[in-house]
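Q: Sequence and computational prediction follow.
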Amino acid sequence: MLITLEGIDGSGKTTVWKQLQEELSSDEFVFTREPTTSKYGELLRENLASDTENRFTELFLFMADHAHHVNNTIKPAINNDKVVICDRYIDSRCAYQGHTLDSDLPNPTKFVYELHNGWSVFPELTIFLDVNVNTSLSRLDTSEKFETENKLASIKENYEEIATMDVDRFSIVNGEENRKKVSNNVKKKILERIEE
Ligand code: TMP
């Protein structure tokens, strides 16, 4: 089973993912994230840091990292009956590169989503940590690439569009509440879905 955590930068998703890692530490769970630390992940981190022009290059670096992640981590874990909890996954690409490629394509979010069809593994549950853009900005060091208000608002809109297209998969958690409460709410949803 594959469960993903999604949200804009500063939504608190990585903090929740780390908390879950401490609390759900049995062999049943595998914790992973995108971008990964593979050589493909490293390559794209360099690209993210240094290059804002090569938007398609960036998309396909994220895709290469994802392909490597699916083959080397996601599929083997699922084949071994593990529950995989992944911090960022396909929807991050749809939301972020959907934003970056906005002026290049008529429907970039759909384009990116469809690039995954037929070979990738889609999650059974995606928890979206919903925060206001202003909350997210107040939690971030604003020197980073995606951290301006307009960009975050556009990325959040893309997430909302994907969530509306896939209501059965998405579960929205209020990320404005205190850290402990958010993490407990996420854990409850995960355990309920496993139970089902
Ligand atoms: P992180 O802050 O969760 O480590 O993610 C690094 C940045 O990469 C973050 O701004 C989101 C962005 N990102 C994409 O643009 N596309 C993707 O497919 C993924 C996984 C992350």
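A: Structure's in. What do you need? In this text the structure is predicted, and so the values were computed from the model without any measurement. Numbering: from 1, shown residues only.

Q: C-alpha only now, for contacts and for neighbours.
A: Fine.

Q: so, in contact with the ligand or not, stretch 59-79?
A: Yes: Stretch 59-79 reaches the ligand (Cα under 6 Å from any ligand atom) through Phe62.

Q: That stretch: end-to-end distance?
A: 28 Å (Cα to Cα, to the nearest Å).

Q: okay, and the helix or strand of the chain with the least pLDDT?
A: helix 39-50 (a mean of 83; mean pLDDT, DSSP states H and E).

Q: Now the residue in the chain that the ligand sits nearest to: closest residue in space that isn't a chain neighbour?
A: Nearest residue of the chain to the ligand: Arg93, at 3.5 Å (Cα to the nearest ligand atom). Distance criterion Cα to Cα, 6 or more residues apart in numbering; nearest residue to Arg93, sequence neighbours excluded, is Val112 at 6.8 Å.

Q: Angles on the backbone of the one you found, please.
A: The phi/psi pair for Val112 (degrees, to the nearest 10) reads phi -70, psi -40.

Q: Might one say that it is in contact with Ser92?
A: No: the pair Val112 / Ser92 is not scored as a contact, 10.0 Å apart, by Cα atoms under 8 Å.

Q: is any part of the least confident helix or strand of the chain close to the ligand?
A: No: using Cα under 6 Å from any ligand atom, helix 39-50 stays clear of the ligand, coming no nearer than 7.7 Å.

Q: Tell me which other helices or strands the helix or strand following that helix touches.
A: Downstream of helix 39-50, the first helix or strand assigned by DSSP states H and E is helix 55-69. Contacts defined by 3 or more Cα pairs under 8 Å, 6 or more residues apart in numbering; DSSP states H and E place helix 55-69 against helix 39-50, helix 90-100.

Q: what angle sits between helix 55-69 and helix 90-100?
A: Counting by axes from the mean of the first three to the mean of the last three Cα atoms, to 10 degrees, helix 55-69 lies at 170 degrees to helix 90-100.

Q: for the residue most central in space within the chain, phi and psi?
A: Centroid-nearest residue in the chain: Arg88, 2.1 Å away (criterion: Cα atoms, centre = their mean). Dihedral angles of Arg88 (phi, psi; degrees, to the nearest 10) stand at phi 70, psi 140.

Q: buried set for stretch 66-85?
A: His66, Ala67, His68, His69, Val70, Ile74, Lys75, Ala77, Lys82, Val83, Val84, Ile85 (16 or more other Cα atoms under 10 Å).
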